[in-house]
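>>> I would like to see how this sequence folds:
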Amino acid sequence: MSLANIRSHELVRKAIHLSSSIIPLSYWFFFDRHFTLQIVTILALGFLTADYLRLQSQSIEKLFMRIFGAALRQHEMKNLTGATYVFTGSVVCIYLFPKEIAVPSLLILSISDTLAALVGIPFGNHKFLKKSLEGSAAFFISSIFILSIFFPGSLLINVAIAAVVTLAEAYPMKLDDNFLIPILSGSLLSLASLL
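The predicted structure is shown next:
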């Protein structure tokens with residue numbers, strides 16, 4: 001696949017990824033926890049069901065690939081999709097953490113992760129763990145910005161949280177970062193709220 005095709009493919013993925021910020025923003029401005037959790041749970045179950053069916057049936061897989069194939073990475077072809085991890089991670093995050101922690105955690109996933117790819121793919125010339133230094137820098141800076149808006153307080157604590165989450169996003173792990181990032185962010189913010 002050419003660099004232009006990779007960029008185009010990632011733009012499609014990240015546009016979808018960025019649209020998931022509707023969940024935390026709707027939760028923050030409009031809806032209560034119970035309603036938000038219901039909606040996100042329905043979405044998560046829908047994506048889990050779609051993944052299960054497409055992995056069991058070739059005809060459903062062909063239909064699925066025709067609709068969503070342009071947004072899938074190679075490892076998602078025979079596994080759960082990133083969207084499934086986004087919604088299951090969102091369910092766990094909203095269930096475990098209060099709004100003031102769940103919202104910035106989910107925004108880091110949708111916004112910072114998107115910016116990391118949009119900067120890292122075209123401009124990433126320096127390796128940093130499994131990602132690029134440029135993309136990780138975009139992730140780190142945008143995470144600090146999100147935390148400063150939705151979790152105001154100690155800048156030093158927010159910088160430390162952003163640094164840990166950036167390292168986790170860049171480090172090669174078996175656990176999908178669409179699930180890991182909001183749970184890790186929420187856990188760190190929970191600890192910070194006790195200080």
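>>> the longest helix in this protein is where?
Taking DSSP state H as the assignment, the helix of the chain that covers the most residues is helix 33-56.
>>> under the pLDDT cut-off, which ranges of this protein? List them.
In the predicted model of the chain, residues 1-14, 64-77 satisfy pLDDT under 70.
>>> what ranges does it have for its strands?
Along the chain, counting by DSSP state E, strands occupy 127-128, 131-132.
>>> nearest the geometric middle of the protein, what residue?
With distances taken as CA atoms, centre = their mean, Leu109 lies nearest the centre of the chain, 3.3 Å away.
>>> which residues touch that residue?
20, 86, 89, 178, 181-182, 185 (CB atoms under 8 Å, 6 or more residues apart in numbering). C-beta here means a position set from N, CA and C on the backbone, and glycine is covered the same way.
>>> now, of those residues, which are buried?
20, 86, 89, 178, 181-182, 185 (16 or more other CB atoms under 10 Å).
>>> among the residues you listed, which lie within helices?
When DSSP H is applied, these are split such that 86, 89, 178, 181-182, 185 fall in helices.
>>> adding distance to Ser136, write those residues out as CSV.
Supplementary listing: those in CSV, determined by distance: CB to CB, whole Å:
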residue, distance to Ser136
Val86, 20
Gly89, 20
Asn178, 17
Ile181, 13
Pro182, 18
Ser185, 15
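>>> please, where are all the helices along this structure?
Secondary structure of the chain by DSSP H: the helices cover 3-19, 22-29, 33-56, 58-68, 82-96, 99-107, 113-123, 133-150, 155-170, 177-193.
>>> which of these has the highest mean neighbour count?
Of the helices of the chain, the one with the most neighbours on average (mean count of other CB atoms under 10 Å) is helix 99-107, at a mean of 24.
>>> and the angle from that one to helix 155-170?
Between the direction of helix 99-107 and that of helix 155-170, the angle (axes from the mean of the first three to the mean of the last three CA atoms, to 10 degrees) works out to 40 degrees.
>>> appreciated, that's everything.
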